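S.K.: pasting the sequence and the predicted coordinates here, then a few questions.
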Amino acid sequence: MTSASQTTPDGRIIVATDGSANPNPGPAGWAWYVSASCWAAGGARNSTNNRAELAAVLNLLRATAGTGARLHILIDSKYVLGIMGGNNASKNTDLVATLRAEMTGRDITTEWVKGHRGNTLNEGADQRCGDASAAARRGTAVPTGPGWTL
């Protein structure tokens, strides 16, 4: 474990991603979370939960592009895990194609975690995507976070 993040035994940085839309579809938020000093979030006035979940992973991959970071991504969406594992998508094909392009050549592993069950990283991502969704619903500035700081 480093001072700023948790790592797997093989040195991958552990990151949680999450997305939410409330109502679904409706104002949405996405977030990825490593630590209180390394996270990002964003929102949309009108989206779906699945698009927000995809946006979280996509924005993580964009934030770490070119850094050489080896990632272990904790995901509470079985939909996104399936997409990342190669399942065909009949919806959200624009985001799916972009996500898969960003995954090309990257050293990434994934793990499903049950949401809202006390996993510190998942809870951090959930809180931030919820805050982003609430800001989008109010029409106020979304708290975007410090970004990738490792």
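M.R.: That came through fine.
S.K.: what lies in contact with the lengthiest helix in the chain?
M.R.: Assignment by DSSP state H gives helix 120-138 as the longest helix of the chain. By C-beta atoms under 8 Å, 6 or more residues apart in numbering, the surrounding residues in contact with helix 120-138 are 6, 14-22, 26-36, 39, 41-45, 52, 56, 74, 76, 113, 115-116, 141-143, 145. C-betas here are computed from N, CA, C, even on glycine.
S.K.: mind checking pLDDT for residue 1?
M.R.: Looking at residue 1, its pLDDT reads 34.
S.K.: just the one 3 residues further on next, same as before
M.R.: In this prediction, residue 4 carries a pLDDT score of 55.
S.K.: and residue 17, how many neighbours does it have?
M.R.: Residue 17: 30 surrounding residues under other C-beta atoms under 10 Å.
S.K.: now do residue 35
M.R.: Counted by other C-beta under 10 Å, the residues lying close to residue 35 total 20.
S.K.: isn't it up against residue 5?
M.R.: Yes. Using C-beta atoms under 8 Å, residue 35 is in contact with residue 5, at 5.5 Å.
S.K.: now stretch 139-150: average pLDDT?
M.R.: 96.
S.K.: buried stuff in that stretch?
M.R.: Judged by neighbour count (16 or more other C-beta atoms under 10 Å), stretch 139-150 contains these buried residues: 142-143, 145, 148.
S.K.: quick one: the helices in the chain, in order.
M.R.: 49-64, 78-84, 93-103, 120-138.
S.K.: any weak-confidence spans in this protein?
M.R.: By pLDDT under 70, the low-scoring segments of the chain are 1-4.
S.K.: let's see that with 50 instead.
M.R.: Residue ranges of the chain with pLDDT under 50: 1-3.
S.K.: follow-up on the earlier one: among the helices of the chain, which is the most enclosed?
M.R.: Using mean count of other C-beta atoms under 10 Å, the stretch among the helices of the chain with the largest mean neighbour count is helix 49-64, at a mean of 24.
S.K.: which strands and helices sit next to that helix?
M.R.: Contact analysis of helix 49-64 by 3 or more C-beta pairs under 8 Å, 6 or more residues apart in numbering; DSSP states H and E lists strand 13-21, strand 26-35, strand 38-47, strand 71-75, helix 78-84, helix 93-103, helix 120-138 as its packing neighbours.
S.K.: good, we can wrap up now.
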